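**Student:** Provide a 3D model corresponding to the input given below.
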Amino acid sequence: MHLDVQTLHDFYYRSAIGRVAQRVVRDQVKVFWPNAKGETLGGFGFAVPLLRPYLSEARRIIGLMPAQQGVMPWPAGMPNVSVLCEETLWPIENDRFDKLVLMHGLETSERQSALLEECWRVLRPGGQALFIVPNRSGLWARSDATPFGFGRPYSMGQLEAQLQAHFFDPKRHTAVLYQPPSTRRFWMKTGPIWETVGRSVSALIAGGILMVEVTKVHPKPSGNRAESRVLKPLGNLVPSPAAKPARARVPVNVPRQEA
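**Tutor:** Numbers count the residues shown, from 1 in each chain. Here you go, the predicted structure:
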């Protein structure tokens, strides 16, 4: 279930803990992608706060927001680039994006497989995508006070396996948001310390958010295992006929009965 766009907006732009989360995640995005000069960038879910650093250099930016969530104009004070769309039917042509970011999109979707297929379709061959999801082992996924407490949390293994099954090649991953999701003064003031210590001690366990950078595998391999599982969900339990079924014989000369 997608959260309402107003709820997401208020968290990231009007709450202290939301502004901290936005800064930490956006800084890590810039580490993965230092620049996007002349490129076309897309964001799905509520990824627009992470795209602001690229407004001045990207050729084009499109913020896709699912109908179940709702849409808001973005960026403020500039020409709008956000678009309301169907979750698995984007108004974007094939191979359009050089880079794509998903935040609050995958974990809240009820059609994750179809959504990943749409991500693959709009990304150019060799294009890069960044998937940002709540960490199943982190504190942020256990708190209803933040948007990361909703939807399906992931472990790193689960996320990478799902992405590989949909023809994405994981390249780099990390975890961020090591400070607890609390607005208490102590945790807010010591947030940067927790972030530094957390990354040096544990790469994945305690971080509240997982981030995986992938590239699009193109063309799609044929005869993949994922496709076989869909076509034969019960595997060898379903018997296969050894030969074509015999046709029923139709009698040629049937004696007519007398009245």
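**Student:** send the alpha carbons of stretch 39-59 over as CSV?
**Tutor:** Taking C-alpha atoms only, stretch 39-59 is exported to CSV below (Å, rounded to 0.1, in the frame of the first residue of the first chain):
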residue,chain,number,x,y,z
GLU,A,39,21.6,12.6,-18.9
THR,A,40,17.9,11.9,-18.5
LEU,A,41,16.9,10.9,-15.0
GLY,A,42,13.8,9.4,-13.6
GLY,A,43,12.4,8.8,-10.1
PHE,A,44,9.5,6.6,-9.1
GLY,A,45,7.5,6.6,-5.8
PHE,A,46,8.7,9.6,-3.8
ALA,A,47,12.2,10.0,-5.1
VAL,A,48,12.1,13.6,-6.2
PRO,A,49,13.9,14.9,-3.0
LEU,A,50,17.0,12.9,-4.2
LEU,A,51,17.0,14.4,-7.7
ARG,A,52,17.3,18.0,-6.7
PRO,A,53,21.2,18.1,-7.0
TYR,A,54,20.9,17.2,-10.7
LEU,A,55,18.4,19.8,-11.8
SER,A,56,21.1,22.2,-13.1
GLU,A,57,23.1,19.6,-15.1
ALA,A,58,20.7,16.8,-16.2
ARG,A,59,19.2,17.1,-19.7
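**Student:** That stretch - what's its average pLDDT?
**Tutor:** The average pLDDT for stretch 39-59 rounds to 96.
**Student:** let's have the chain start at 811 instead
**Tutor:** Shifting the count to begin at 811 puts that one at stretch 849-869.
**Student:** how distant is it from the center of its chain?
**Tutor:** Distance of stretch 849-869 from its chain centroid, counting by CA atoms, centre = their mean, to the nearest Å, is 15 Å.
**Student:** what comes up buried for that stretch?
**Tutor:** By neighbour count on 16 or more other CB atoms under 10 Å, the buried set for stretch 849-869 is 849-861, 863-864, 868. C-beta coordinates here come from the backbone N, C-alpha and C atoms, glycine included.
**Student:** from these, which is closest to residue 836?
**Tutor:** Nearest to residue 836 among the buried residues of stretch 849-869 is residue 860, at 5.0 Å by CB to CB.
**Student:** List the contacts of the helix or strand that closest one falls within.
**Tutor:** For residue 860, the host element (DSSP states H and E) is helix 858-861. Residues from elsewhere that reach helix 858-861 (CB atoms under 8 Å, 6 or more residues apart in numbering): 822-823, 832, 835-836, 839, 851, 853, 868, 871, 873, 884-885, 891-892, 911, 913, 942.
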